[in-house]
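Q: Quick one: sequence and predicted model below, then my questions.
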Amino acid sequence: MNSMNQIETNMQYTYNYEEDEYMTQEEEWDRDLLLDPAWEKQQRKTFTAWCNSHLRKAGTQIENIEEDFRNGLKLMLLLEVISGERLPKPDRGKMRFHKIANVNKALDYIASKGVKLVSIGAEEIVDGNVKMTLGMIWTIILRFAIQDISVEETSAKEGLLLWCQRKTAPYRNVNIQNFHLSWKDGLGLCALIHRHRPDLIDYSKLNKDDPIGNINLAMEIAEKHLDIPKMLDAEDIVNTPKPDERAIMTYVSCFYHAFAGAEQAETAANRICKVLAVNQENERLMEEYERLASELLEWIRRTIPWLENRTPEKTMQAMQKKLEDFRDYRRKHKPPKVQEKCQLEINFNTLQTKLRISNRPAFMPSEGKMVSDIAGAWQRLEQAEKGYEEWLLNEIRRLERLEHLAEKFRQKASTHEQWAYGKEQILLQKDYESATLTEVRAMLRKHEAFESDLAAHQDRVEQIAAIAQELNELDYHDAASVNDRCQKICDQWDSLGTLTQKRREALERTEKLLETIDQLHLEFAKRAAPFNNWMEGAMEDLQDMFIVHSIEEIQSLISAHDQFKATLPEADGERQAILSIQNEVEKVIQSYSMRISATNPYSTVTVEEIRSKWEKVKQLVPQRDQSLQEELARQHANERLRRQFAAQANVIGPWIQTKMEEIARSSIEMTGPLEDQMNQLKQYEHNIINYKHNIDKLEGDHQLIQEALVFDNKHTNYTMEHIRVGWELLLTTIARTINEVETQILTRDAKGITQEQMNDFRASFNHFDRRKNGLMDHDDFRACLISMGYDLGEAEFARIMSLVDPNGQGTVTFQSFIDFMTRETADTDTAEQVIASFRILASDKPYILADELRRELPPEQAEYCIKRMPPYTGPGSVPGALDYTSFSSALYGESDL
């Protein structure tokens, strides 16, 4: 009784009898009895057994069907047992009117269930009319045992017949077409038992030619193991040309009710397995996301301090090593992490889509591991990377500038020190005290030449000091030795100035006593000193190091050098004039047999020195020509590198932009099946990946440029950084677009949406996407819903917007639009459905035991439930009771998984 009530409680009644249907059945029943009285015997036995199968639950039974129902008491009891409802209190008197009253109460109850009794009155039942009594019992069987049978779109008799056909279809020699002849060989009954309980019967050993043996075997097994009483005699079925259809239907319906509960339990178990499998897969994806996010964030955390380290090196070699390490990071270490970041975003979107499709709450990663957190960390990495590269290049330029300045300082300091060497000792001499007038005047003139020379070296000393100051400002690593050397030169220069002034004063005091002076020597000294200084300056300029970054700059130096060479004839004339002065001095001394030395007392510059320096200048000019031409060739080579890089960059940059625009258009304009769209996007991705060799070639050219220390390129607006960022953005965009289509396919398949519906959704979205940017604002979305027939009030529209735009960004994406439309058109599992499934497995108890879970579910799902179900503490609790209601609600509530 309880099993039958459970089945009736959990089934949806899809069939109702019409009023004249019972009348038609009753009339057919009357004719059948008149045509074949043998059926009365079969019905009497079957109906009696069927009634007793229910009455024994109340501790009673009947022996004679037409006699035992005459007082109406057992008839009312039978109705209470099979319906589970209480009938009005029966009359306990034994008079005829008491019996009629009780039978009428039973018939009224039957009528209250929508059954119209035709030609069946209480008086006939009280009088023991067999035909009417059997008709009444058949009506009860129809209403309470057969009417509620529903298989697919059929019910009652047709549903029971379809159920039998489905269950026996795989069995040989079984062809169920009706409820009379199809059952005569007994194989149909055996097939039903074997289909549900193969352990009870060996179907392969049955013999079609032994119908009585087959029927008796089925009935004995059904009575012993399935609690189905024996309602028919095998001989009656076999020996009757056409067995009674109602008797067979009644008996077969008992098999349906016996096995229907097991099928419902199987269905419930399958539903639970499906829900648990989805939940387990979601948990795996969550754990995988957490692991990948942790690893990527840890790599970023370790990398950023390295990129933020701005400790400069002291040499160019050390800084070049840092630059090479940075290139290895950009080529080898970062690209795999870019792919990991993109895959992490794709996995997160896929997980959220699966959770949304399975009606689960959205996944919230651990604190600090959101997609936005990863994006923020990645942005900080990019910023540190950009700043690090700029710092490296600036440091290399600074060190290059420092090396140039340091060498220039050493050259000028060495030249000055050579010039100043011994000058203090000379200025400290007091030779004028014992000298003649001529000698004193010579000393005075010589001193004037020295002062001229000293003034000429003033610029060099200032240059040395300026270079030392610049080296200090640029934080030169050996600034201490530079400062020490510069300080010595400045101190010596101050001392020379003081000593020079003192010697002049001493000579001028003596000048009045000395009048003879050699004008030629003086003229020589005056002309030789500037010329000598000019030659020294020329040698400095010819040996001066230079650094240029363009062809124009080196051509400017070449032009200046050509101008210098144009002045050489004039300088050669001055040289010859100075040498002629010395020749004239020697001629005068020789002519007048003077006993004085031909050495010019006024100048330290000798003829030999002038000749030597002039020869040195002539040697340095072609050397300077060669070095300038070599630098010009190097600049031409750098220009070819610039043009080679620019030629590729000016092609690759627009190609990347074009592909970005094509992908953007395709996401809006693509129509047709999503699989075709996916294939088109995969082709895009294939073409993009095949283009990677052009990026690698450009990287090689960029490395050659950097190795040549070329830092600018006027032939293109694209830098390697622009190309890298564009390429990474292109890869990320195509991957995200493919993931969006995959998400749409997943949504379509999970929700049962047809391709035509998906195309209609896309067409509606594109029509109201006025800006054609893949987004609809609130007004566009409202217009779209109204065009699709939605009656929108402000409250309803606000509810819908909370679903499609939960973050309040003011726009609706196509994925949000698809999710909303599929939510409106598709059904999903609910917590109530899962609870109802668990209740079936628990035999209608408010709790379930671990053994019941292990019996009904696969081992993995059963242990999953046992581990996570909380103990049941409600009424009727027993040891080991588990609360499946709380567990099911948690699956669809706020998850802490």
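A: That came through, no problem.
Q: so what's the most centrally placed residue in the chain up against?
A: Centroid-nearest residue in the chain: E345, 1.2 Å away (criterion: Cα atoms, centre = their mean). For E345, the contacting residues are 371, 736, by Cβ atoms under 8 Å, 6 or more residues apart in numbering. No exception for glycine: its C-beta is placed from N, CA and C like everyone else's.
Q: quick one, phi psi at it?
A: With angles defined as degrees, to the nearest 10, E345 sits at phi -60, psi -40.
Q: Distance of it relative to Q339?
A: Using Cβ to Cβ, to the nearest Å, E345 is found at 11 Å from Q339.
Q: just V130 next, same as before
A: For V130, the distance to Q339 - Cβ to Cβ - is 86 Å.
Q: same question, F887
A: Counting by Cβ to Cβ, the gap from F887 to Q339 is 39 Å.
Q: Specify which residue of these two has the higher count of neighbours.
A: F887 (18 against 14; other Cβ atoms under 10 Å).
Q: excluding its backbone neighbours, what's nearest that one?
A: Closest residue in space to F887, ignoring its immediate chain neighbours: M869 at 4.5 Å, by Cβ to Cβ, 6 or more residues apart in numbering.
Q: Contact partners for the one you found?
A: By Cβ under 8 Å, 6+ apart, the contact list for M869 reads 848, 882-884, 886-887.
Q: Out of those residues, give me the two with the largest separation.
A: Spanning the widest gap among the contacts of M869 are I848 and S886, at 11.8 Å by Cβ to Cβ.
Q: so where do the strands sit in the stretch 301-450 of the chain?
A: Secondary structure of the stretch 301-450 of the chain (DSSP state E, counting those that start in this stretch): no strands located.
Q: okay, now the domains of this structure?
A: Listed domain ranges for the chain are 267-400, 424-604, 646-822, 829-890 (source: the TED database).
Q: Any idea which of those domains gets closest to L226?
A: Ranking those by proximity to L226 (Cβ to Cβ) places domain 829-890 first, at 17.1 Å.
Q: could you give me the average pLDDT of the closest one?
A: Across domain 829-890, pLDDT averages out at 87.
Q: For T813, give me phi and psi.
A: The phi/psi pair for T813 (degrees, to the nearest 10) is phi -80, psi 170.
Q: For it, give the beta-bridge partners.
A: L775 (DSSP bridges).
Q: what's the spacing between it and Q755?
A: Separation of T813 from Q755 (Cβ to Cβ): 21 Å.
Q: Looking only at neighbour counts, state which of these two leads.
A: T813 (16 against 13).
Q: my read: the more buried one touches G774, true?
A: Yes. Shown here, T813 and G774 form a contact pair, counting by Cβ atoms under 8 Å, at 6.9 Å.
Q: any low-confidence regions in the stretch 301-450 of the chain?
A: Applying pLDDT under 70 to the stretch 301-450 of the chain flags residues 310, 312-314, 316, 432-437.
Q: residues making contact with stretch 774-782?
A: Outside stretch 774-782, the residues touching it (Cβ under 8 Å, 6+ apart) are 664, 667-668, 765, 768-770, 784, 792, 797, 801, 804-805, 810-814, 817.
Q: Check the separation of the first and last residues in that stretch.
A: Stretch 774-782 has its terminal residues 16 Å apart, counting by Cα to Cα, to the nearest Å.
Q: Tell me the buried residues in that stretch?
A: By neighbour count, with 16 or more other Cβ atoms under 10 Å as the criterion, the buried positions of stretch 774-782 are 774-777, 780-782.
Q: roughly how far is it from the heart of the chain?
A: Relative to its chain's centre, stretch 774-782 lies at 26 Å (Cα atoms, centre = their mean, to the nearest Å).
Q: Mind checking the pLDDT average for it?
A: Rounded mean pLDDT across stretch 774-782 is 81.
Q: now do stretch 229-245
A: On average, stretch 229-245 scores 85.
Q: Quick check: buried residues in it?
A: Those would be 229-234, 236-237, 240, 243-245, for stretch 229-245 by 16+ other Cβ under 10 Å.
Q: so of the residues you listed, which ones are in helices?
A: 234, 236-237, 245 (DSSP state H).
Q: all strands for the stretch 51-200 of the chain, in order.
A: Secondary structure of the stretch 51-200 of the chain (DSSP E, counting those that start in this stretch): strands at 150-151, 154-155.
Q: residues making contact with stretch 96-110?
A: For stretch 96-110, contacts defined as Cβ under 8 Å, 6+ apart pick out 69-73, 75-76, 79, 83, 87-88, 90-92, 117, 120-123, 125-126, 136, 139-140, 143.
Q: Quick one: buried ones out of these?
A: Among the contacts of stretch 96-110, those classed as buried by 16+ other Cβ under 10 Å are 69-73, 75-76, 79, 83, 87, 90-91, 117, 120-122, 125-126, 136, 139-140, 143.
Q: can I assume T716 sits in a strand?
A: No. Under the criterion used here (DSSP: H, G, I helix; E, B strand; the rest coil), T716 is coil, not part of a strand.
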